[in-house]
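# What follows is a protein structure lacking sequence information:
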């Protein structure tokens, strides 16, 4: 059995676990620690060390950032000091082991295409993670188009993630029906841009799909993430394995 380790850094929590790379199953209960505030590189990497525990070998790390060649070019829902940081070198020096650093939604999408709701789906697949913000991962016939940032599109005069994320639902005390109206507007807008054959909705809200899935009224088929909120961990481990 091939195994790996994935760590998923989010705006509210940092979680990780060992992963069976043949099935996408977590091999142990995931460890989750609250994201430190402010979420500076030093503070976050300290928590990543806690999540890694006594595991060994190469691991995958996700960030809510555009990541190019291991360097963070943006910082969404973490400290702005990440921008311009050579995260791969920084993490490897701190952890004393090799690491692969990727965008969090891209990692989740890779897991969903391999093992989850998008497994075997051809054409254009869009995964959206609805949590502290909105992350996006775009695939064409299973191939990733990296670092799309569709959560930052404008929706009703605001960034979409400030209107339609799960955090926005909680912050504005929206009912599921009210939130679904915003999500419908956002998905309709995205549909006009990329015309996906399937939309997969992940993040923490995917665990509650029975509350909102039937309220959506958009053109493309919509499925909740099959791996739910573990998709980022699984995708990070897969990408680290190469």
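Right, received. Where do you want to start? Keep in mind it's a predicted model, so treat the numbers as computed, not measured.
# how does the chain divide into domains?
3-106+231-241, 120-226 (automatic domain parsing).
# Span of the longest one from start to end?
Looking at domain 3-106+231-241, the gap from its leading to its trailing residue is 9 Å under the measure CA to CA, to the nearest Å.
# now do stretch 217-232
27 Å.
# Is residue 177 in a helix, a strand, or coil?
The local conformation at residue 177, judged by DSSP: H, G, I helix; E, B strand; the rest coil, is helix.
# wait, which of the domains of the chain is closest to residue 114?
domain 3-106+231-241 (6.3 Å; CB to CB). Any C-beta I mention is one placed from the backbone N, CA and C, and that applies to glycine too.
# How far off centre is the closest one?
11 Å (CA atoms, centre = their mean, to the nearest Å).
# Please apply the same query to stretch 125-143.
With CA atoms, centre = their mean, you get 8 Å for stretch 125-143.
# Any buried residues in it, and which?
For stretch 125-143, the neighbour count (16 or more other CB atoms under 10 Å) marks 125-139 as buried.
# Which of the residues you listed sits closest to residue 200?
Checking these against residue 200 by CB to CB gives residue 127 as the nearest, at 4.5 Å.
# residues contacting residue 38?
Counting by CB atoms under 8 Å, 6 or more residues apart in numbering, residue 38 touches residue 79.
# Kindly report the same for residue 21.
The contact partners of residue 21, taken as CB under 8 Å, 6+ apart, are 2-4, 237-238, 241.
# on that earlier part again, closest one to residue 205 out of the buried residues of stretch 125-143, please.
Among the buried residues of stretch 125-143, residue 130 lies closest to residue 205 (CB to CB), at 4.6 Å.
# so who does that closest one touch?
Applying CB under 8 Å, 6+ apart, the residues contacting residue 130 are 164-166, 183, 201-206.
# re earlier: now render the domains of the chain as TSV, adding mean pLDDT and distance to residue 114.
TSV is the format used below for the domains of the chain (pLDDT from 0 to 100; distance: least, CB to CB, whole Å):
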stretch	mean pLDDT	distance to residue 114
domain 3-106+231-241	97	6
domain 120-226	97	9
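# do you know which of these lies nearest residue 113?
Using CB to CB, the domains of the chain put domain 120-226 closest to residue 113, at 5.7 Å.
# Okay, now the closest one: how far is its last residue from its first?
First-to-last residue span, domain 120-226, CA to CA: 13 Å.
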